[in-house]
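>>> Sequence plus the predicted model coming up.
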Amino acid sequence: MAYLDEKIRGQVSQFLQDLQDSVTIQIYPGPNPELSQVFLDLSNEVADLSDLIMVAQIAEAPPLEPGHSGTESASGPIATLLDNQGHPTGIRFVGIPSGHEFGAFLEGIKAVSTHEAQLSDQAKQALAHITSPVHIQVFTTPT
C-alpha cells in the first residue's frame, strides 16, 4: 500500500534533492507487526525517492533513553537515523512519523545527510556555549 500520493512524492523528492551523504533509517519493529509494517513501508517509500537513503530492519531493540528504569522495554516501532559511517546520530523516532511528525522525520534525514540543522544564527550561538553533554527529547502528539 502506498502512503504517499504523487503530489507528496514530488514534494518530498524535491525536498531531498539537497542530500549530500547517505543516511540509514534503522527500524526496530517492536511487538506490533501492523504498526511496524506501516513504518517500514513509509520509510521505504521515502528511500525510493533518493539513492542516499537506505532502510534497515533490526531485531534487537535499541537502548532506552536515559531516565528509564531497567525494567522497561522498547515498544516500537523505533527508527534511529545513522550517518554515512553507520553511526547512530541520536535522532530517533518512536512510533510512525505521520502528520506533522512526517516533516520532522524528513528534516532529521536532511540534517544527518547535510550535516547541518536548520537553526537560526541566534540558536547556533546559544548552543555553542554548551560545554557538557545534554540530553534533549522532543515529544509530539496529535491534537
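Received, thanks.
>>> Now do stretch 1-18, average pLDDT.
Averaging pLDDT along stretch 1-18 gives 94.
>>> so who does the residue nearest to I53 when sequence neighbours are not counted touch?
Distance criterion Cβ to Cβ, 6 or more residues apart in numbering; nearest residue to I53, sequence neighbours excluded, is A47 at 4.2 Å. All C-beta spots, glycine's among them, are computed from the backbone N, C-alpha and C. Contact partners of A47, counting by Cβ atoms under 8 Å, 6 or more residues apart in numbering, are 25, 53-55.
>>> And the residues you listed, which is closest to P133?
I25 (24.5 Å; Cβ to Cβ).
>>> any idea how far N44 is from that closest one?
9 Å (Cβ to Cβ, to the nearest Å).
>>> overlap in contacts of the two?
Contacts common to I25 and N44, judged by Cβ under 8 Å, 6+ apart, are V55.
>>> so where do the strands sit in the chain?
Ranges of strands in the chain, per DSSP state E, are 23-28, 53-57, 78-82, 88-94.
>>> what sits up against the third one?
What it means is strand 78-82. 23-28, 30, 39, 43, 61-62, 88-89, 91-94, 97, 105, 108-109, 112.
>>> ditto for the second one
With Cβ under 8 Å, 6+ apart as the contact definition, strand 53-57 has outside contacts at 16, 19, 22-29, 40, 43-44, 46-47, 109.
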